[in-house]
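> Output the structure for:
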Amino acid sequence: MGFPGTWMTESESLVYRVVPKCACSTIGQIMYFSDHGRFFDGDIHDSTEGLHKWAQADSQPLIEANVKAHKSYAFTCVRNPYARILSSFFDKIAGIQRNGKRYRGNLVPQLAQKYGIDVGSPENGFEFDQIASFRRFLLFARDTIRFRKPMEPDIHWSAMAGHISTYIVNGGRYDHIFFTEKFDEGMAHVLKQVKTPVKVDLKKIPRFNESEGHGPKRAHPVSAYFDDLSRHLVWEIYKRDFQLFKYDFDDPDNKFPKAEVDLDEVHAKLGN
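Residues are numbered from 1 along each chain as shown. Presented below is the predicted three-dimensional model:
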């Protein structure tokens, strides 16, 4: 199994477990910058040099040796489950990807056919019933996660606890887990713990939101998308995420966590 989704700076100053839709583009670029004094030209997910990634065969033995010996400061970042699943919908389902195409080719037509989802198009200005379509997408997401039908769950909407647990189960330990909603504070804490080849001034770091501008904007407050049934589905999918990462299930509009993450609890509950 190893350490899927794990990135490490070439200087081995930092090890990061990627959690999709949780500021991973910005974090990856900060790590790249902290070694090279420049940002990767393009989407950091496409880089094949300058940053060790588990997906690159040459990086695997280096990452494995580092993580198992806990040589470097290891961290990850989480996000409110309500906001994260909404972001996945607007980016991956309703939006057009960087290559000008729909995400995963025939996924959107399949969803239109099987779940009645309509996401509009650039031609009609992405005019569609956002709330109705999102709720149908949520049913689809639940089906993929619970029943692995009509397809395997996608990394962008599978639970954060699942991503984060692989690192622990295979012998890693986190030093810090922070919140996307308190990004500057969390990233500053991480950088304070390590000495990087290039000093990072967080105030000068742009936000790398690779999904922005490719699709419709969210037209309503978060709570409008989640009726009683939707919230039931969200709890079914993301119960552990709410509990472990201290987010407020009762108020979808409260994006902030109610407490800090208890690292010992995370390692105990996700390490089985």
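> For the chain, name the helix or strand with the lowest mean pLDDT.
Every helix and strand in the chain was compared by mean pLDDT, DSSP states H and E; the lowest is helix 107-115, with a mean of 93.
> now for that helix, which elements pack on it?
Applying 3 or more C-beta pairs under 8 Å, 6 or more residues apart in numbering; DSSP states H and E, we find helix 107-115 packed against helix 130-147. The C-beta positions use only the backbone N, C-alpha and C, and glycine is treated the same way.
> after the helix it packs on, next one along is what?
Next along the chain after helix 130-147, taking DSSP states H and E as the criterion, comes helix 160-169.
> ok, then the element right after that next one?
Following helix 160-169 toward the C-terminus (DSSP H and E): strand 176-179.
> Just the C-alphas of the very next helix or strand once past that next one, formatted as CSV.
Moving toward the C-terminus from strand 176-179, the next helix or strand (DSSP H and E) is helix 183-192. Backbone C-alpha positions of helix 183-192 (Å, rounded to 0.1, in the frame of the first residue of the first chain) are rendered in CSV as follows:
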residue,chain,number,x,y,z
PHE,A,183,-5.3,28.4,6.5
ASP,A,184,-2.8,31.2,7.2
GLU,A,185,-2.7,30.4,10.9
GLY,A,186,-2.3,26.7,10.3
MET,A,187,0.3,27.0,7.5
ALA,A,188,2.3,29.5,9.6
HIS,A,189,2.4,27.0,12.5
VAL,A,190,3.8,24.3,10.1
LEU,A,191,6.4,26.6,8.7
LYS,A,192,7.5,27.8,12.1
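> Buried ones in helix 183-192, by neighbour count?
The neighbour-count check on helix 183-192 (16 or more other C-beta atoms under 10 Å) flags 183, 186-187, 190-191 as buried.
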